[in-house]
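attaching a predicted model along with its sequence, questions to come.
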Amino acid sequence: MVLKVRINKEDTFMNSIKVALNSMRRNVAMTFASVILVFLTVLVLGVVTLISMNTAYASKGAVDNLTIYVRATPEATDEQVAQLQKDIEATVAVNKIELETKEQALDKFANKLYKDNPQALLDLFGGDANPLSDEFKVQLVDGSKLDEASQKLSALPNVKDVGIGDSEATNNFIKFMHRVTFFSLFIALIMIVISIFIVTNTIKLTITARIEEIEIMRLVGATKGYVRTPFVWEGILFGLFGGGLAFIVLMGAYNFTMNFLAGSYGSTGDLFIPFNEIIVPLFVIVIVFGLVIGALGSFISTHKYLKK
């Protein structure tokens, strides 16, 4: 005969936590191994997350800072150049635009190569006329639309040619960072599998040690959920402790890196997300990773036993 027992939900919750903590104390070695492995796994996942977030941040900054060079035709008058600036601002969303006149370009060129004899530069060009062009340096509001903007600007009146500064180097940087992210993610997935395996086996040991107690609980009418809950909480605590430790290490390392770069170079530029902007999303991601790994390992272990 199976006896039915009435279980208070609040008592069940507190009892589950108490049982989980007692189990962790009884199996110190496996508890330590599980927490450390969850910590290492979440640490790798946190590093991958930081790399991914900063890659996206740096890539956007690099693209947004790319400059489009719009050169006017050499014969364009001052009025036509002024109109060209208005046409540029009307054609694309401009964040910043600067004009370098052909006179300024000639002076810059002469000061670099013919500082003592500027006239020699004009003689090199074959006369007194300045053959250089007025040039606009344009930064867009949305750097992802560089190619589209270049095509539109090339079609404007009095435009000689349009170029994008250092776009190849920027693309190579973005591709490299994406490869680093992919490799890190691959390592993280391996660590996740190993962590879940270790947590699963740790919970199995706990179940084995309490097998008689569990059988008695089931005989008196305890549901599968009631039996499973303490073990799931044990896994959650593994994840919480491991994830919390990983978050502390990640934030310490990130803050140290930011301070080191700021001290060495005066600024981190557009390569790293500011510390105060990344702390909350990283905390949520790391803790969730830890909890999911711990809870999933526990659920797998108890599911195999309770379905028997």
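Alright, I've got the coordinates.

what's the neighbour count on Phe176?
By other CB atoms under 10 Å, 11 other residues sit near Phe176. All C-beta atoms are positioned from the backbone trio N, CA, C, and that covers glycine.

can you name the residues bridging to Glu100?
Per DSSP bridges, residues listed as beta-bridge partners of Glu100: Glu135.

residues near it, how many?
16.

isn't Leu21 right up against Leu237?
Yes. The pair Leu21 / Leu237 is scored as a contact, 7.4 Å apart, by CB atoms under 8 Å.

ok, these two, which is more surrounded?
Leu237 (23 against 15).

now name the helix or strand holding the closest residue in space to that one that isn't next to it in sequence.
Excluding its sequence neighbours, the residue lying closest to Leu237 (CB to CB, 6 or more residues apart in numbering) is Ala20, at 5.9 Å. Assigned by DSSP states H and E, Ala20 falls within helix 9-26.

could I get the average pLDDT for that helix?
Helix 9-26 carries an average pLDDT of 69.

which of the residues in the next helix or strand after it are buried?
Counting by DSSP H and E, the next helix or strand C-terminal to helix 9-26 is helix 28-64. Across helix 28-64, burial judged by 16 or more other CB atoms under 10 Å covers 30-31, 33-55, 57-59, 62-64.

list of residues touching stretch 186-195?
Residues outside stretch 186-195 that contact it (CB atoms under 8 Å, 6 or more residues apart in numbering) are 37-38, 40-41, 44-45, 48, 293, 297.

distance between that stretch and the chain's centre?
18 Å (CA atoms, centre = their mean, to the nearest Å).

please apply the same query to stretch 177-191.
For stretch 177-191, the distance to the chain centre is 12 Å (CA atoms, centre = their mean).

could you count how many residues lie near Trp233?
Neighbours around Trp233, by other CB under 10 Å: 24.

what helix or strand does it sit in?
helix 224-265.

now for that helix, which elements pack on it?
Helices and strands touching helix 224-265, by 3 or more CB pairs under 8 Å, 6 or more residues apart in numbering; DSSP states H and E, are helix 9-26, helix 28-64, helix 167-209, helix 211-219, helix 275-306.
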